[in-house]
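> what shape does this take:
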Amino acid sequence: MPKNFEAGPVRVRVPATSANLGPGFDALGLALGLHDDVSAEIAPSGVRVTVSGQGAGELPDGDRHLVVRSMRAAFDRLGAHPPGLVVECVNRIPQARGLGSSSAAIVAGVLLARALVVQGERRLDDEAVLRLAAELEGHPDNVAPCLLGGFTISWTEPSGARAVTRQVAEGVRPTVFVPDEQGLTA
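Numbering: from 1, shown residues only. This is a model prediction of the structure:
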């Protein structure tokens with residue numbers, strides 16, 4: 001194992017999210033009970049990504065995969081550059097269907113990189129993870145509930161993204177209708 005890295009694999013579970021709730025466009029988000037499970041470990045060289053479930057056979061592999069790109073951004077912030085990576089994604093969140101699949105991939109990548117670096121959590125705390133994930137996504141409304149869980153209110157200050165969690169009202173039960181066709185945010 002290269003110096004500065006933890007022996008892996010490390011694993012994270014990230015939830016689907018719903019954002020832009022009611023009048024809270026780009027501010028209110030909710031974590032849902034559907035998750036992707038992603039694991040990673042340091043390899044001697046190269047990048048290998050396997051995807052099962054949603055997006056299998058469709059998502060880019062290697063360095064083009066969003067989890068890997070997010071890991072690389074986090075490694076840059078942490079000042080650690082692994083020789084190679086092995087990433088395994090078990091995707092349950094439908095891709096490009098409005099449930100935050102890209103936010104889940106970004107948060108997973110940042111958290112995996114942090115977990116693989118010695119003292120990564122001390123060097124990149126949750127506030128820094130939120131700021132980086134929001135930078136990568138372009139806004140914090142989906143990454144905040146993905147990282148913090150529950151119902152979140154998020155915003156951007158000059159120092160970067162911020163968020164607070166609030167209790168979900170008792171009796172609220174999200175119902176999700178997933179369209180057959182993909183609809184990219186752009």
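> from the contact counts, what lies against the helix of greatest length in the chain?
Longest helix of the chain, by residue count under DSSP state H: helix 101-116. For helix 101-116, the elements it packs on are strand 10-19, strand 28-43, helix 66-78, strand 84-91, helix 120-123, helix 126-137, helix 143-148, judged by 3 or more Cβ pairs under 8 Å, 6 or more residues apart in numbering; DSSP states H and E. Glycine gets a C-beta too; all of them are placed from N, C-alpha and C.
> for the residue most central in space within the chain, give me its contacts.
Nearest residue to the geometric centre of the chain (Cα atoms, centre = their mean): residue 107, 1.9 Å. Residue 107 makes contact with 12, 14, 70, 129, 133, 143, 146, 147 under the criterion Cβ atoms under 8 Å, 6 or more residues apart in numbering.
> if we use 10 Å, what do you get?
Applying Cβ atoms under 10 Å, 6 or more residues apart in numbering, we find residue 107 in contact with 12, 14-15, 17, 36, 38, 67, 70, 100, 129-130, 132-133, 136-137, 142-148.
> out of everything not next to it in sequence, what's closest to it?
residue 146 (4.5 Å; Cβ to Cβ, 6 or more residues apart in numbering).
> that neighbour - how many residues pack around it?
Neighbourhood size, residue 146 [other Cβ atoms under 10 Å]: 31.
> hang on, isn't it packed against residue 109?
No - using Cβ atoms under 10 Å, residue 146 is not in contact with residue 109; the gap is 11.5 Å.
> could you list the low-pLDDT ranges of the chain?
Applying pLDDT under 70 to the chain flags residues 1, 183-186.
> what residues are up against the residue nearest to residue 46 when sequence neighbours are not counted?
Nearest residue to residue 46 in three dimensions, chain neighbours excluded: residue 84, at 4.7 Å (Cβ to Cβ, 6+ apart). Applying Cβ under 10 Å, 6+ apart to residue 84 gives the contacts 2, 41, 42, 43, 44, 45, 46, 47, 48.
> kindly report the same for residue 67.
12, 14, 36, 38, 40, 49, 51, 59, 85, 87-89, 104-110, 112-113.
> no more questions from me, cheers.
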